[in-house]
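Student: I'll drop the sequence and a predicted model, then ask my questions.
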Amino acid sequence: MAMAAWKRAGVCLTAAAVVVGLAGCQDGDGGGSKKAGGSSGSEAQTQNEATEVLQAAFKKTSEAKSSKVRMTMTMPAGLDGGGTVEMSGVQGWDPAVMDVTMKGSALAAGSPDGPQEARMIMLDGVMYMDMGAEQAAQMDGKRWMKMDFKALADATGDPEVQKQMTGGLENMNQDPAQQLAMLLGSPSLKHVGPEKVDGVETQHYKGTLTVEEMLDTNKALDGLFTKAEREQLVANMKKTGLKGYDTEVWVNEDDYPAKMVVGMTMDQGTMKMTAHYSDYGAKAEVKAPAAGETFDFMQLMKELESLGAGAAS
């Protein structure tokens, strides 16, 4: 496989992990990062009302199980050159599926001559990425790269690696409902005020979570780590310069999130994602590519390793 194709694959994987897996924070004045210390009775009531609104949104979003989604993710220059990735398509949860088209400067960074767009499908714990016609010509017409994360984890034979990769897959399967659940765990949750989003009246909310609070509220991680492993995970995350997470959500009059802004501040800069949701309950008919059009990432690695061993002998 051409090196450019691998770079494009890396960008797609990074984008996928961030878009559907992370609850993050924004730079700026960070209103959500200021703790509401010494709240008066009226302020406390406002927070209670915000909790009630988001609980209602969580219930309806969970029941909807799918929506159309339009996302923009900006990566800092310190992270593989940075750039922007735009995605649009459909996302489903319970079960977790996704079918989106990606484009943007970060996608083209691996190869200026590569495709301007790339399609990504997630289904049954497996990710498929369309590597383009040029790649298909080099792979007997197979243009879809298949990555089975559970199979990759099992292949390592390392229980700790398996646990981390499985946890990462669970995070990637997060959805608007889970993001709302995490926001509800924020002690600094507050109502910002009414705003229009895509021409629709909404109410704007925001809140902050520390690394520890995020792990406590992220149910996808339950049972994956012992107390000692959790403490080590927190320490490792903090070594990267990560201090905490913020989430912002705009809830429409039907109690659905119309927009979410998440991001993550690291030593390399701030990674930020903005998602617009619509058509909740729209059927997410996500299908895997035909087997004859796919090549398995893990099998390809084995073949390359074998060729390398043969050359060495």
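Tutor: Done, it's in. Numbering: from 1, shown residues only.
Student: helices of the protein, residue ranges please.
Tutor: 3-21, 41-64, 105-108, 133-138, 149-156, 159-172, 176-184, 211-217, 227-239, 297-312 (DSSP state H).
Student: mind listing what's buried in the second one?
Tutor: By neighbour count on 16 or more other C-beta atoms under 10 Å, the buried set for helix 41-64 is 46, 47, 50, 51, 53, 54, 57, 58, 60, 61, 62, 64. The C-beta positions use only the backbone N, C-alpha and C, and glycine is treated the same way.
Student: what would these look like in TSV with distance to residue 193?
Tutor: Output for those, formatted as TSV (distance: C-beta to C-beta, whole Å):
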residue	distance to residue 193
46	11
47	14
50	11
51	17
53	13
54	15
57	16
58	21
60	22
61	21
62	26
64	25
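Student: so where's the protein uncertain?
Tutor: Scanning the chain for pLDDT under 70 picks out the ranges 1-45, 78-81, 106-115, 152-174, 217-226, 230, 233, 236-244, 265, 304-313.
Student: now with 50, please.
Tutor: Applying pLDDT under 50 to the chain flags the ranges 1-8, 11, 13-42, 44-45, 162, 164-173, 309, 312-313.
Student: related to what we said a few turns ago, need the max-distance pair from the buried residues of helix 41-64.
Tutor: Longest distance between any two of the buried residues of helix 41-64 is 26.9 Å, between 46 and 64; criterion C-beta to C-beta.
Student: residue 260 is in contact with residue 70, correct?
Tutor: No: the pair residue 70 / residue 260 is not scored as a contact, 11.4 Å apart, by C-beta atoms under 8 Å.
Student: looking at these two, which has the bigger crowd around it?
Tutor: residue 260 (22 against 16; other C-beta atoms under 10 Å).
Student: residue contacts, that one?
Tutor: Residues near residue 260 by C-beta atoms under 8 Å, 6 or more residues apart in numbering: 176, 179, 247, 248, 249, 250, 274, 275, 277.
Student: those residues in strands, which ones?
Tutor: 247, 248, 249, 250, 274, 275, 277 (DSSP state E).
Student: kindly reformat these as CSV containing neighbour count and distance to residue 231.
Tutor: Putting the ones in strands among the contacts of residue 260 into CSV (neighbours: other C-beta atoms under 10 Å; distance: C-beta to C-beta, whole Å) gives the following:
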residue, neighbour count, distance to residue 231
247, 27, 24
248, 20, 29
249, 26, 30
250, 25, 35
274, 16, 33
275, 23, 32
277, 25, 35
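Student: of those residues, closest to residue 90?
Tutor: Using C-beta to C-beta, residue 277 comes nearest to residue 90 of these, at 10.5 Å.
Student: please name the nearest non-neighbouring residue to the closest one.
Tutor: Leaving aside its sequence neighbours, residue 277 sits nearest to residue 67 (C-beta to C-beta, 6 or more residues apart in numbering; 4.7 Å).
Student: from residue 262, how far out is that neighbour?
Tutor: Applying C-beta to C-beta, to the nearest Å, the value for residue 67 to residue 262 is 16 Å.
Student: more neighbours: the two, which one.
Tutor: Higher neighbour count among residue 67 and residue 262: residue 262, with 26 against 23, using other C-beta under 10 Å.
Student: how much space separates that one from residue 298?
Tutor: The gap separating residue 262 from residue 298 is 30 Å, by C-beta to C-beta.
Student: equivalent analysis for residue 135, please.
Tutor: Taken as C-beta to C-beta, the span from residue 135 to residue 298 is 17 Å.
Student: then residue 257?
Tutor: Residue 257 sits 36 Å away from residue 298, going by C-beta to C-beta.
Student: so which of these two has more stuff around it?
Tutor: residue 257 (27 against 14).
Student: so that one makes contact with residue 180?
Tutor: Yes: using C-beta under 8 Å, residue 257 and residue 180 qualify as a contacting pair, with a distance of 6.8 Å.
Student: joint contacts of the two?
Tutor: What both residue 257 and residue 180 touch, as defined by C-beta under 8 Å, 6+ apart, is the set 57, 61, 249.
Student: between those, which sits nearest residue 214?
Tutor: The closest of the shared contacts of residue 257 and residue 180, once distances to residue 214 are taken by C-beta to C-beta, is residue 249, at 15.6 Å.
Student: ok, now which ones touch the closest one?
Tutor: With C-beta under 8 Å, 6+ apart, residue 249 has these contacts: 54, 57, 179, 180, 183, 204, 205, 206, 257, 259, 260, 261.
Student: roughly how far does the nearest residue to the last one once chain neighbours are set aside sit from residue 99?
Tutor: With C-beta to C-beta, 6+ apart as the measure, residue 248 is the residue that lies nearest to residue 261, at 4.4 Å, once sequence neighbours are left out. Here residue 248 is placed at a distance of 26 Å from residue 99 (C-beta to C-beta).
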